[in-house]
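**Q** Sequence and predicted structure are below.
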Amino acid sequence: VHGCRATRGNCDRLGIDAESFARTLVELNAAMALDHKRVHCDLHPGNMLLAKDDDAEEGWTVYLIDHGMYADVGKDLHAKLCELWLALGDRSHPRLVDICSRLGVKDASLALFYPLLFEGDVQPQQRAWDCLPKRQRRAMMDSVASMRQSRTLVREAMRFAHSLPQEMILIQRSNILHHHAMESLELTPRQRDRLWRHRLQTCRDLASSEEGSGLRGLGDFAHHRSSRLQMLEHSLRKQLGRANEVIDLIRGKLASLTEKHAEK
């Protein structure tokens with residue numbers, strides 16, 4: 001196989017749009033864990049060979065090499081990964097805590113540190129931190145400060161990591177390398193934001209697809225969510241009806257007062 005490292009300089013030299021190539025990497029990274037259930041865990045730029053290919057739709061092909069480190073995503077872990085990305089997309093703090101616990105972090109106080117599931121993968125980890133309620137976030141920062149003073153922070157972080165399945169650690173490694181590969185493409189902040197939105201949407205689509213996710217109870221979850229929306233709509237319509245009744249009552253009283261004032 002002939003090609004060159006997947007870097008910004010080589011993209012420019014070959015006339016390949018770096019953002020277009022990055023979108024392919026985003027889709028590849030998501031599909032490995034959430035669709036194919038087999039993750040290449042050493043996918044740094046040196047293990048991706050980029051080559052011009054006139055027969056390819058995009059005009060180029062990327063070859064993955066060094067297949068010595070893979071993580072097989074079993075049915076149970078796959079379901080939890082799907083739930084993890086759906087919960088992250090929905091910014092659901094309770095569901096993220098629950099998934100973290102079911103991944104093996106049984107200590108309730110440690111399960112609150114679910115952003116560590118995305119350690120080193122900057123954008124999803126920032127979104128995970130944003131999912132924490134403000135009061136909870138302040139309490140956690142106080143807890144971190146206390147652990148630093150007592151020199152137990154590293155020990156607790158290791159306890160968190162050791163609670164997770166080995167495959168989860170390998171997937172996390174893959175996501176970190178994915179982040180570094182994206183950094184090597186030297187994209188602008190606006191391009192990185194677009195790619196993060198694309199990555200989040202791609203992961204949510206794969207996680208919620210009937211064919212690829214294996215997500216238990218997804219139909220029930222969708223039905224439950226739909227029912228909640230219907231209930232909310234009914235409640236809002238009811239409140240709006242009451243508000244209109246009050247407005248009509250006030251208008252009637254104002255008209256009555258106006259007539260009385262005119263008579264005087």
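**A** That came through fine. Residues are numbered from 1 along each chain as shown.
**Q** And the contacts of stretch 119-132?
**A** Residues outside stretch 119-132 that contact it (CB atoms under 8 Å, 6 or more residues apart in numbering) are 88, 91-93, 96, 112, 114-115, 117-118, 137, 140, 172, 175-176, 178-179, 192, 196, 199-200. The way it works is simple: take the backbone N, C-alpha and C, and place the C-beta from them, glycine included.
**Q** Among those, the buried ones, what's the ChimeraX command?
**A** Remark: buried members of the contacts of stretch 119-132, expressed as a ChimeraX selection using 16 or more other CB atoms under 10 Å:
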select :88,93,96,112,114,115,117,118,140,172,175,176,178,179,192,196,199,200
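**Q** Secondary structure element holding the nearest residue to His178 once chain neighbours are set aside?
**A** Excluding its sequence neighbours, the residue lying closest to His178 (CB to CB, 6 or more residues apart in numbering) is Asn29, at 4.7 Å. Taking DSSP states H and E as the definition, Asn29 sits inside helix 18-31.
**Q** Can you tell me how far the closest residue to Pro115 other than its chain neighbours is from Phe160?
**A** In space, and not counting its chain neighbours, Pro115 is closest to Ala128: 3.8 Å by CB to CB, 6+ apart. Counting by CB to CB, to the nearest Å, the gap from Ala128 to Phe160 is 14 Å.
**Q** Looking at the two, which is more packed in?
**A** Remark: of Ala128 and Phe160, Ala128 carries more neighbours, 24 against 20, as counted by other CB atoms under 10 Å.
**Q** got a pLDDT number for the more buried one?
**A** On pLDDT, Ala128 comes in at 94.
**Q** Tell me where the model's unsure across the stretch 151-264 of the chain.
**A** 210-243, 263-264 (pLDDT under 70).
**Q** start to end distance for stretch 40-48?
**A** End-to-end span of stretch 40-48 (CA to CA, to the nearest Å): 11 Å.
**Q** Let me see the mean pLDDT of that stretch.
**A** 90.
**Q** contacting residues around it?
**A** 5-7, 25, 29, 32, 62-71, 170-171, 173-174, 177-178, 180-181, 184.
**Q** from these, which ones fall inside strands?
**A** Mapping these onto strands (DSSP state E) picks out 5, 62-64, 70-71.
**Q** Any of the residues you listed buried? List them.
**A** Counted by 16+ other CB under 10 Å, those give 62, 71 as buried.
**Q** So which of the contacts of stretch 119-132 are in helices?
**A** 88, 93, 96, 137, 140, 172, 175-176, 178-179, 192, 196, 199-200 (DSSP state H).
**Q** which one among these gets closest to Asp55?
**A** Comparing the ones in helices among the contacts of stretch 119-132 against Asp55 with CB to CB places His178 closest, at 26.9 Å.
**Q** Surely the closest one and Ala22 touch.
**A** No. Taking contacts as CB atoms under 8 Å, His178 lies outside contact range of Ala22: 10.2 Å.
**Q** Could I get the full set of helices for the stretch 151-264 of the chain?
**A** Using DSSP state H, counting those that start in this stretch, the helices of the stretch 151-264 of the chain run over residues 153-163, 166-183, 189-208, 218-263.
**Q** could you dump the ones you listed to a markdown table with distance to Leu50?
**A** Shown next, in a markdown table, are the helices of the stretch 151-264 of the chain (distance: least, CB to CB, whole Å):
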| stretch | distance to Leu50 |
| --- | --- |
| helix 153-163 | 33 |
| helix 166-183 | 11 |
| helix 189-208 | 17 |
| helix 218-263 | 36 |
